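Undergrad: Please find the sequence and the predicted model below.
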Amino acid sequence: MPPDAGAIDQNGVIPSASTRLSYRDRAGLCDWQFKRVMAYLSIRIDSAVRVSDLAAEVKLSPSHFARAFTIRLGLSPYSFIMKLRIERASALLLNSDKSLTEIAFNCGLSDQAHFSRLFRRFVGMTPTQWRRKHLTARARLSSQNDNMGHGEQDLLRISA
């Protein structure tokens, strides 16, 4: 008989075996596993990353890894990888003049159309719209700073 087989919950009810979660099902990735996965992703985010590769990296089965990962981060491995790729793409859109195809490949995505669909799903606008909007805002901010006197710029720097 398991040690908690006769355990009574706070409402005075004995939970059935199917409603109790084992420790294994409640536990997320431990710190060393999390750090190892993040290191792996930082090196390989620009290539194909499979859940089975991440699971092997931390010595778990793919299903156990996916469950533990989701408990730890609140996102599935797929959603987290896509979030990282979209963040990387956003930085490239803003800080480079690379084409959308180049950015897609730099973010581990197969083609520009797939990249554009994912970006729109996660961000709410196409990569081109996002780039245009943010570059316009950056140019506007830059021109405002150019029009300020040096005293105002120093004040902004001090208050930041």
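TA: Here it is on my side, so go on. Residues are numbered from 1 along each chain as shown.

Undergrad: For the helix ranked longest in the chain, list every residue counted as buried.
TA: Counting residues, the longest helix found in the chain (DSSP state H) is helix 127-147. Within helix 127-147, the residues scored as buried using 16 or more other C-beta atoms under 10 Å are Pro127, Trp130, Arg131. In short, each C-beta sits where N, CA and C put it, glycine included.

Undergrad: for it, what is the average pLDDT?
TA: When pLDDT is averaged along helix 127-147, the result is 82.

Undergrad: for that helix, packing partners?
TA: Applying 3 or more C-beta pairs under 8 Å, 6 or more residues apart in numbering; DSSP states H and E, we find helix 127-147 packed against helix 77-95, helix 100-106, helix 112-123.

Undergrad: how about Leu54, phi and psi?
TA: With angles defined as degrees, to the nearest 10, Leu54 sits at phi -60, psi -40.

Undergrad: surely it meets Phe65?
TA: Yes: assessed by C-beta atoms under 8 Å, Leu54 is found in contact with Phe65 at 6.2 Å.

Undergrad: Which neighbours do the two have in common?
TA: Here Leu54 and Phe65 share the contacting residues Pro77, scored by C-beta atoms under 8 Å, 6 or more residues apart in numbering.

Undergrad: Pass me the low-pLDDT residue ranges in the chain, would you?
TA: Applying pLDDT under 70 to the chain picks out residues 1-26, 145-160.

Undergrad: now the buried residues of helix 127-147 in CSV, with distance to Ser142?
TA: Converted to CSV, those look like this (distance: C-beta to C-beta, whole Å):
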residue, distance to Ser142
Pro127, 22
Trp130, 18
Arg131, 16
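
Undergrad: follow-up on the earlier one: tilt between the longest helix of the chain and helix 77-95?
TA: 40 degrees (axes from the mean of the first three to the mean of the last three C-alpha atoms, to 10 degrees).

Undergrad: What's the separation between Ala68 and Leu75?
TA: 12 Å (C-beta to C-beta, to the nearest Å).

Undergrad: Just want to know which of those two has more residues nearby.
TA: Taking neighbours as other C-beta atoms under 10 Å, Ala68 and Leu75 compare with Ala68 leading, 24 against 13.
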